Structure formats: structure tokens, C-alpha cells
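[1] How does the following fold in three dimensions:
(chains A and B)
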Amino acid sequence: MTPAELEDLRGLALRVREHILRMTADGGCFVGASLSCADLIVYLYSRFLRISPGHLTDPQRDYLLLSKGHDVPALYATCAELGFFDVARLRRHLQPGDDLYWHPNRRIPGVEFHSGSLGHLLSVGIGVAYDARLSGHPSRVVVLLGDGELDEGSVWEALLVAQAQRLGNLVLVVDRNGVQANMRTEELTPLEPLAAKFGAFGCLARTVDGHDFTALDAVFRGAPFAADAPSVVIARTVRGKGVPSLEDRVDRWFCAFTAAEVEELVHELHGRSPAELVTAPLAVR
Amino acid sequence: MDYATALGNLAAADERMVVLTAENRVPVRGLPERLGARFVDVGIAEQTLVGMSAGLALRGRIPVAHALAAFLTMRAFEFIRTDVGLPGLPVKLVGYVPGVLSTANGPTHQALEDVALMRGIPGLRVFCPADVEDLVLGLDAVVADAAPWYIRYVDRPAPIRHSAFEIGRAEVVRMGTDVALLVAGALLREASDAATRLAATGLSVRLVNMRTLRPIDEECVVTTAQTARLIVTVEDHFRTGGLYSTVAEILARRRLRTPLDAVCLEDRWFAPALLDRVLDNERLSGSHIASRVTAAMERTDVH
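    Modelled structure (predicted):
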């Protein structure tokens, strides 16, 4: 990756984060998870996935299935920025007559399948990956999972099947921000040693800094890691990444901010304001 | 023709079809050899079976997924509702040993609420064939239909010679005006026997094989209600949510006051036993149904 390409990615990620923050106004969104996976989604769409606005129905395209659906603002913003739909549409988040709501649905260009109920899209992804192989298509299927989502037994059930079917075109990406809805994962139902768990399920697992584009590029250039087994990328991330007053906070899951607070957060994102938002009123679902 | 042969023939003629099972191999014997990679056994994993089927359908395939009815419709219920029903994908779900057909397995295996659950999902269609011949007659149309379907698998031999199948069209087996037996599923044999017994007592008996409960042949139900003095629904399902409920909903909506009774499994699981004993214990044999209908007629005529 050239320095110019790296700067492009960083610029795109910054714009995506600003869109996410603006979606916390007028009803709010799951801002913490959206910010933690923003770099992952920006990286995957920019550098890894063979998907583009002109090829949204091409059966040979790659697929991203957002299994942890509540981080969809990051996907909306990335798809809009990359031309899948008009950026202006993001202002219609939660507005009547549009389909941009708190969880993904297929009416949004770039969204492959709806989600929101956790633990579903790995099994759906297995079906997509199985058919791609059956059809002789080069499609790779990336399933983005939350770490809290790994509490769901259906993820591990599906992983057994993915391994049994030797789906080498399937790549799991775990947004390992260490926090589930209201708790730190390791304080509720510990997941570690996570890479070893995936290894024991027959997957090739690699761990990476999910905010470091150079590191992500090094890992994903080698993905999938095997022809006959699912690959897993455990991306270590920070909930609320990019906005210091939101970072790594258990209580910054779903947030609804006022318009003035959003402006403060946007300034904070761009590093221009020392805003004191720690005590800002929050609507927590 | 048996079900596996019929399904294999359909799949052999249509590359889009993929046959899946959650290690429920009995209804799909011979298909691994016939279909190769278009046969998938996911193991004992009903949720993955359904999710994977949704993914296959998303890619343009027509998945036909098999599992025991109780585990398919209950353990994987939310996957059916969310991944198949909500997007309306053409996944065909085949529930094995539903109703009384779980025989001696016990309550864990008794799917007596499967129709209620499946017909509660918007857009999901329900086929309750009476026997294996009925199942095979309907299979082509159900697989070709663009909607998701739940098929209540049955392997009992046919008690009657069936007419051609059409989605949403009931099969009138016998015409009559005193009492009408509307049947969903595997008890057609016993209902048919009951109809013969009742006719021998001088009653004019109408017997209908409903076939699909969603869409149901509403005009047939209405015609029945307008011509019969009593309707008795017959099904191996709880009273709640199956054929009885469906017919009651139609009568209420169409402002029809025809008396309606049910031969069904009441609000409890049945004692596990071989099929003949289950039918006898639960008063679902032909002679039991006939005497229950006679008693219902007497109650109806008093009022």
C-alpha cells in the first residue's frame, strides 16, 4: 500500500466516522460498535472485496454479510461514500419513507442480507459460500461478527458445518472490541483464548490491529488463508474508536445525542475541540 | 412412487435444486448418490440447515431441507421466521414424523404445534399431504412455487385414489350435506373410514382433504359451511393454530354460524406408542372418529 493509498483510506474512514456521528442525532444509533468496525469495513470495501456499485448483482462478486447488524451505520456510510447510493441519503436515517434504520436490510444498495438477530449470518454465509463453490464462482464470503455475538451457540454450530464442508472461500472477521451490549466480554462470558477456540474448530485464525490499515493489508492480502478451511481474522478494535470521549466505554453502546452534542463530537473526531462530553446526557437503550 | 424418488427426479431435472438434511436420512435415501454436491448433510444442526438454505436461495437455488418436524420448526423457528420468511426466499422445509407419526418417540419428538408456528410466519405456505401419494402429487407444484413452504412429511400409503393437485385447492373426496369432515394430513385414512361408517348409519357425509393450509381453499370451506349442518375438522395437531383454528377464523370472518367441532390432539402430548395404539389411545381411529362425530351431531341437533 502506497502512502497515498493509506492517506485515502484514512480520509475515507474519517468521513465514515463523521457520518456515523451524525446518525446519532434524531433518534440515535449503536455508535460504539459502528465506530469500532468502521476501519474494518472501510478497509474491506476499499481493498479486499470485489464489489462495486456497477456489480451489485454479479454472481461472481464477493459478499460481505454483516452478522452484527447493529453496527450498520458504518456500512451505510461506507457504501454511500463508495457510490453505492447517494451520500445525501444518509440524512434520511430513521426518516419515514426510507429504509435506513438501526439494523440492515436488503433494500439498501450494498447490503446483502438483513440482520439484527445475532448468530444468523454465518449459516447464511455458508449457504452463499457453498453455492459459489458449486457454481464455480470465485466469490469470497466475508462474515463480520461481533465478539459479544460469539455467545450465540448458532455461531459455533455453523462453524462446525463450515469446517466440515471445507469452505475455503469463507472468511470470518471478528470485531473484537471487548465489549458487548452492557458488559465487557471477559467479565460476562469470557471468550479467550479466542484464536485457540477458532483453531480447535479447524479454522486458520489470525489476530490483527483492526484500526491499522497497513496491518490489515498484510493479513488480508493472504486471505483466505487456506483452500479447504474457513479463515478467521480477529480484529482487535476499540469501541467508539476515533472519538476520545466515546472510546472504550461500556456505557457508549446505543447513543442518541442532540444536534449540538453531535457537532461537539464531530469536532472531537477531527481533533479540534477539547469538548467535555463525559457527562453528556445519553439515551441508552 | 416414493418421496425420495420423486424428489430425486425433480432435482435431476432442475440444476437449481439442492437437497439438504440435518442428518434426517430416511426420507432422502439414495439422493446423495443421485445428486452429488447438490446433496448436503449438515449433521444435527437445524439452525445451520435453515440459515444455509437461506444463503443458497439468496444465490438462486431452490433448497429442500429435511429435519424432524419438532426440531425443524421449533429449534430453528427464528431462523425460519427471520432468514426464510422475512425475505420470502423459496426454501422448502420438510418436517419428518410430524403429529402422530412420531409414534413411540415421546413428547420431545411430538410436533403438534408445527402448523400453528409455520402459518404464523407471514408469506410462509403450508402443505399437509394426507399420505405419500398426496405428497408426491403436490411436490412438483410446491417446489416450483416461488414462496417458502413447510411440508408436513407423511409416508403412510394412500387410503383413496387422489385427484390432481393444485395449490390452494382442496380435494373433495366425498359429497354430503349432514356432516362435513375437513381433514389436514395423515388422519385422512381414519377420517375416510369414519365417513364410511357414518354413511352406513344413514348420514350424508362430506369428506375433504384440505391439502394446503396456507393458502387454504377458503371457498371450499365456505361452501361446506353453507351446505353442511356440522363441520368437524380432523388433524393430528393441537387444537390451537392448526386446521380447526384456520376454519374457525374463516367462519368468523365470513359471518358463518355453522357448528364446528374438532377431532385433534387436545392441550397435552400423547402417550408414546406404535401408531395403531396411539390412534386407539387418542380416540383417532376410524371407529372413534365416527362415534365422536355421531355425538357431535347429537349435540348439534339438540341446539
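
[2] wait, isn't A:Val87 in contact with A:Cys79?
    No. If you go by C-beta atoms under 8 Å, A:Val87 and A:Cys79 don't touch, sitting 9.8 Å apart. Just so you know, the C-beta spots here come from the backbone N, C-alpha and C atoms, and that holds for glycine as well.

[3] the more surrounded of the two?
    Applying other C-beta atoms under 10 Å in any protein chain shown to A:Val87 and A:Cys79 shows that A:Cys79 carries more neighbours, namely 26 against 15.

[4] For the nearest residue to that one once chain neighbours are set aside, give me its contacts.
    Leaving aside its sequence neighbours, A:Cys79 sits nearest to A:Gly110 (C-beta to C-beta, 6 or more residues apart in numbering or on different chains; 3.5 Å). Counting by C-beta atoms under 8 Å, 6 or more residues apart in numbering or on different chains, A:Gly110 makes contact with A:51, A:53, A:56, A:75, A:78-79, A:82, A:84-85.

[5] Go through those residues and flag which are in helices.
    Using DSSP state H, A:75, A:78-79 are the members of these that sit in helices.

[6] Could you pull out the helices in the chain for me?
    In the absence of a named chain, chain A is used. Ranges of helices in chain A, per DSSP H, are A:3-22, A:31-43, A:72-81, A:121-134, A:153-164, A:185-188, A:194-200, A:213-220, A:259-269.

[7] think we crossed wires, I meant chain B
    B:3-13, B:31-35, B:46-58, B:69-70, B:77-79, B:114-119, B:132-144, B:188-200, B:218-227, B:243-253, B:275-281, B:286-302.

[8] Tabulate the ones you listed in a markdown table, adding columns for distance to A:Met1 and mean neighbour count.
    Formatted as a markdown table, the helices of chain B follow (distance: least, C-beta to C-beta, whole Å; neighbours: other C-beta atoms under 10 Å in any protein chain shown):
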| stretch | distance to A:Met1 | mean neighbour count |
| --- | --- | --- |
| helix B:3-13 | 47 | 18 |
| helix B:31-35 | 45 | 17 |
| helix B:46-58 | 32 | 30 |
| helix B:69-70 | 53 | 26 |
| helix B:77-79 | 39 | 20 |
| helix B:114-119 | 51 | 24 |
| helix B:132-144 | 49 | 20 |
| helix B:188-200 | 68 | 22 |
| helix B:218-227 | 63 | 18 |
| helix B:243-253 | 61 | 19 |
| helix B:275-281 | 68 | 16 |
| helix B:286-302 | 75 | 16 |
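
[9] Averaging pLDDT over each of these, report the lowest-scoring one.
    If the helices of chain B are sorted by mean pLDDT, helix B:286-302 sits at the bottom with a mean of 93.

[10] contact partners of that one?
    B:178-179, B:181, B:187, B:189-194, B:196-198, B:201, B:203, B:229-230, B:232, B:234, B:259, B:261, B:263, B:279-280, B:283.

[11] which residues sit in contact with B:Thr73?
    With C-beta under 8 Å, 6+ apart, B:Thr73 has these contacts: B:80, B:93, B:95, B:111, B:113-114, B:117-118, B:150.

[12] if I look at the residue nearest to A:Val111 when sequence neighbours are not counted, how far off is chain B?
    Spatial nearest neighbour of A:Val111, excluding adjacent residues (C-beta to C-beta, 6+ apart): A:Pro104 at 4.6 Å. Distance, A:Pro104 to chain B, by C-beta to the nearest C-beta, to the nearest Å: 12 Å.

[13] In contact with A:Pro104, which residues are there?
    So A:Pro104 contacts A:66, A:69, A:72, A:75, A:111, A:113-116 (C-beta under 8 Å, 6+ apart).

[14] Quick one: neighbours of B:Ile216, just the number.
    Residues within reach of B:Ile216, counting by other C-beta under 10 Å, total 23.

[15] my guess is it meets B:Met210, correct?
    Yes. Here B:Ile216 reaches B:Met210: they are 6.5 Å apart, a contact under C-beta under 8 Å.

[16] where do the contact lists of these two overlap?
    What both B:Ile216 and B:Met210 touch, as defined by C-beta under 8 Å, 6+ apart, is the set B:Ala170.

[17] Flag every residue of the stretch 51-200 of chain A that's near chain B.
    Residues of the stretch 51-200 of chain A lying near chain B by C-beta under 8 Å from any C-beta of the partner chain: A:59, A:106, A:112-114, A:117, A:120-132, A:134-135, A:154, A:157-158, A:160-161, A:164-165.

[18] if I look at the closest residue to chain B within the stretch 1-150 of chain A, how far off is A:Arg252?
    Taking C-beta to the nearest C-beta as the measure, the stretch 1-150 of chain A has A:Gly127 as its residue closest to chain B, at 2.1 Å. Distance of A:Gly127 to A:Arg252, given as C-beta to C-beta, to the nearest Å: 35 Å.

[19] before we move on, back to that, can you give me the pLDDT of the residue of the stretch 1-150 of chain A closest to chain B?
    pLDDT, A:Gly127: 98.

[20] Quick check: the spatially closest residue to B:Thr103 that is not a sequence neighbour vs B:Leu187, distance?
    Closest residue in space to B:Thr103, ignoring its immediate chain neighbours: B:Leu275 at 5.2 Å, by C-beta to C-beta, 6+ apart. Distance of B:Leu275 to B:Leu187, computed by C-beta to C-beta: 11 Å.

[21] Please look at A:Arg61 and A:Tyr45 and confirm they touch.
    No. Contact between A:Arg61 and A:Tyr45 fails when scored by C-beta under 8 Å: they sit 11.8 Å apart.

[22] Now for these two: what residues contact both?
    By the contact definition C-beta under 8 Å, 6+ apart, A:Arg61 and A:Tyr45 are jointly contacted by A:Ile51.

[23] Residues of the stretch 51-200 of chain B that sit close to chain A?
    Going by C-beta under 8 Å from any C-beta, the residues of the stretch 51-200 of chain B near chain A are B:51-61, B:63, B:78-79, B:82-83, B:86-87.

[24] can you rerun that using 6 Å?
    B:51-52, B:54-56, B:59, B:61, B:82-83 (C-beta under 6 Å from any C-beta of the partner chain).

[25] With adjacent residues omitted, what lies nearest to the residue positioned nearest the centre of chain A?
    The residue lying closest to the centre of chain A (C-alpha atoms, centre = their mean) is A:Cys37, at 4.2 Å. What sits nearest to A:Cys37 in space, not counting adjacent residues and going by C-beta to C-beta, 6+ apart, is A:Asp175, at 4.3 Å.

[26] ok, now which ones touch the one residue in the stretch 151-300 of chain B that gets nearest to chain A?
    Closest contact between the stretch 151-300 of chain B and chain A, by C-beta to the nearest C-beta, is at B:Ile151 (19.4 Å). Applying C-beta atoms under 6 Å, 6 or more residues apart in numbering or on different chains to B:Ile151 gives the contacts B:94, B:127.

[27] Let's see the pLDDT reported for it.
    98.

[28] Report the beta-bridge partners for it.
    Here B:Ile151 shows beta-bridge partners B:Val94, B:Phe127, assigned using DSSP bridges.

[29] same deal with B:Met17?
    B:Ile62.

[30] Was I right to think it contacts B:Ala11?
    Yes. Between B:Met17 and B:Ala11 there is a contact under C-beta atoms under 6 Å: 4.1 Å.
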